[in-house]
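**Q** Provide a 3D model corresponding to the input given below.
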Amino acid sequence: SPHLFLTRPHLIKLECITAMEESKVLFEQPAEEEKTKEGSSENQESMEALLEKEGLGFDFPKTGETRTGVIASMSPTEILVSVGAKSEGIIKGREFDQIDSETSSSFEVGQEIPVYILRLEDENGNLVLSYNRAREEMDWDTAEKLQEVDEIFDSKVMGFNKGGLLVGLGQLRGFVPASQIGLSRRLSLSGDTPEKRYSELVGEPVSVRVIEVDRSRRRLILSERMALKETRESLKEKLLDELQVGDVRTGRVTSLADFGAFVNIDGADGLVHMSEISWERIQSPNDVLKVGQEVDVEVISIDRDRKR
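**A** Prediction:
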């Protein structure tokens, strides 16, 4: 009928217009969103640039990082430290107790100290810091540098275990294996237990080289022998300049051979030929001498050109 015939195109037209509008919305919306994103990104970049320009960029602390902080306040149980970026952290509990009394008593408000970021938040939302760990990390840096430049450093024997000596490097304890203890020191050792061999060495000065550093395994290996290599040559030159034929010196037997004995005098080894060991005829130096034995010897010959 005409009624039905006339209304159909309007419906079609309406449907087409509706579809076109939806299509327009669908296709135009992402462009608008992209425009918004670009604007937001530009705003963010502009904000960051402005902060940098004004020196207000935020450098937020990270776990495992060592920083220089400023003491903001102190109490008998904790230290509040400002670490930048408007952040404050706390040294408390075990980390506070591990700071030796001499060091903690020297702290004062406003003082700069190194701190290590243990955790970003405790139960109260505070940064958790460690002073001793920061010092340790700095000492690991020092150990790595000493190994890199192959430099000798002076320290003290702090302790021992069954395998050798423990030597201090700042907060760290390096290990000197028995095989890396200097020859003259080794020769003076006696006893069948670590306590008997090493206890008297605790507190003695020692010069060592770093021969291995493994921070992740907390492994620091030192050598007195390697340090003394260089020192022994200088001692030998000095001794040869001082010695005169006819001088009598006290030395220590360092090794025995079929043809004689080597005796160390003030860091330099000299040879005592078998014919000079005893007035009586002997079959071997072992008949009258032993390694580590202290003996008096007379200088009968010096070869300065060959340094012997």
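**Q** drop to CA atoms for contacts and neighbour counts, all remaining ones
**A** Will do.
**Q** all strands of this protein, in order?
**A** According to DSSP state E, the chain carries its strands in the segments 66-74, 78-82, 88-92, 112-119, 127-130, 152-161, 164-169, 172-177, 205-214, 219-223, 248-257, 260-265, 268-273, 294-298.
**Q** so how far is the shortest one off the chain centroid?
**A** Its chain's C-alpha centre and that of strand 127-130 lie 20 Å apart, by CA atoms, centre = their mean, to the nearest Å.
**Q** give the partner strands of it in its sheet and their orientations.
**A** Here strand 127-130 is paired, per DSSP bridges, with strand 88-92 (parallel), strand 112-119 (antiparallel).
**Q** ditto for the second one
**A** When pairs are called by DSSP bridges, strand 78-82 turns out to pair with strand 66-74 (antiparallel), strand 88-92 (antiparallel).
**Q** please save the CA atoms from the shortest one in CSV.
**A** C-alpha atoms of strand 88-92 as CSV (Å, rounded to 0.1, in the frame of the first residue of the first chain):
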residue,chain,number,x,y,z
GLU,A,88,64.0,10.1,55.2
GLY,A,89,65.1,6.7,56.4
ILE,A,90,65.8,5.0,59.8
ILE,A,91,68.7,3.1,61.2
LYS,A,92,67.3,1.0,64.0
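**Q** quick one: contacts of that strand?
**A** Residues outside strand 88-92 that contact it (CA atoms under 8 Å, 6 or more residues apart in numbering): 77-83, 126-131.
**Q** pick the most deeply packed of the strands of the chain.
**A** Among these, strand 127-130 has the highest mean neighbour count (mean count of other CA atoms under 10 Å), at a mean of 25.
**Q** quick one: mean pLDDT over it.
**A** The average pLDDT within strand 127-130 is 94.
**Q** outside of that strand itself, list whatever touches it.
**A** Strand 127-130 is contacted by residues 87-92, 95-96, 115-122 when judged by CA under 8 Å, 6+ apart.
**Q** follow-up on the earlier one: between the strands paired with strand 78-82, which gets nearest to A257?
**A** For the strands paired with strand 78-82, proximity to A257 was assessed by CA to CA; strand 66-74 is nearest, at 55.5 Å.
**Q** tell me how far the closest one is from the chain's mean position?
**A** Using CA atoms, centre = their mean, the offset of strand 66-74 from its chain centre is 22 Å.
**Q** quick revisit: redo the strands paired with strand 127-130 as CSV? Include mean pLDDT and distance to G174.
**A** Output for the strands paired with strand 127-130, formatted as CSV (pLDDT from 0 to 100; distance: least, CA to CA, whole Å):
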stretch, mean pLDDT, distance to G174
strand 88-92, 93, 26
strand 112-119, 95, 21
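**Q** is it possible to get CSV of these that adds distance to D141?
**A** Output for the strands paired with strand 127-130, formatted as CSV (distance: least, CA to CA, whole Å):
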stretch, distance to D141
strand 88-92, 22
strand 112-119, 14
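**Q** tell me who's in contact with N161.
**A** Neighbouring residues of N161 by CA under 8 Å, 6+ apart: P194.
**Q** tell me how many other residues surround R197.
**A** When neighbours are counted by other CA atoms under 10 Å, R197 registers 17.
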